[in-house]
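Peer 1: What follows is a protein structure lacking sequence information:
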């Protein structure tokens, strides 16, 4: 089975320092939905692992998050693509849970649900915590420049062995066309 793990905000949809709090605020990054459809067509199961601390902060509720994800699924279906599962952490940073990235809880849940070892599985994110969790579980971290990616690069904490891509479309093109991550 080919599996890829995607962060949501900043990878699939536009991100905001004020959080994405409603379906109206959820807007796909140009080319991201087509990229997921290409990955599906190439045999990848696409899974989302996302921190959604807006729930823990009281900015929106689980029903609103579900409505955002329904919009994502609906728009993606128009391109012939789908997401196999969405895993999310609803906790605020101070709640010290085991699922908020960079903690490995969401990734452990993915491994268990899909019955796979995450060694070498592509994990695409736009922040240092996305890179850290992928490295912690042996997945292959990949950084995109969209969302907070440029800021993450500017901080200078991403090691040279992490492949960097302009966006999710570039990741998909690389994986689909060459099967390699560099």
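Peer 2: On my side now, so go ahead. In this text the structure is predicted, and so the values were computed from the model without any measurement.
Peer 1: When you work out contacts or count neighbours from here on, use the C-alpha atoms and nothing else.
Peer 2: Noted.
Peer 1: I'd assumed residue 94 was in contact with residue 56.
Peer 2: No: with contacts counted by C-alpha atoms under 8 Å, residue 56 stays clear of residue 94, the gap being 9.5 Å.
Peer 1: who does the lengthiest helix in the chain touch, helix- and strand-wise?
Peer 2: For the chain, the longest helix by residue count, based on DSSP state H, is helix 62-77. The contact analysis (3 or more C-alpha pairs under 8 Å, 6 or more residues apart in numbering; DSSP states H and E) places helix 62-77 against helix 32-41.
Peer 1: quick revisit: tell me which residues are up against the longest helix of the chain.
Peer 2: 21, 22, 23, 26, 28, 33, 34, 36, 37, 55, 82, 83 (C-alpha atoms under 8 Å, 6 or more residues apart in numbering).
Peer 1: Verify the contact between residue 143 and residue 159 for me.
Peer 2: No: the pair residue 143 / residue 159 is not scored as a contact, 10.7 Å apart, by C-alpha under 8 Å.
Peer 1: which one of these two has more residues nearby?
Peer 2: The neighbour count for residue 143 versus residue 159, taken as other C-alpha atoms under 10 Å, is higher for residue 143 (28 against 9).
Peer 1: mind listing what that one touches?
Peer 2: 124, 125, 126, 127, 131, 149, 162, 163, 164, 165.
Peer 1: any idea where the strands of this structure begin and end?
Peer 2: Using DSSP state E, the strands of the chain run over 2-6, 44-51, 85-89, 122-125, 140-144, 164-165.
Peer 1: Note down every partner strand of the first one and its orientation.
Peer 2: Strands that pair with strand 2-6, judged by DSSP bridges, come out as strand 44-51 (parallel), strand 122-125 (parallel).
Peer 1: Need the winner for burial among those strands.
Peer 2: strand 122-125 (a mean of 27; mean count of other C-alpha atoms under 10 Å).
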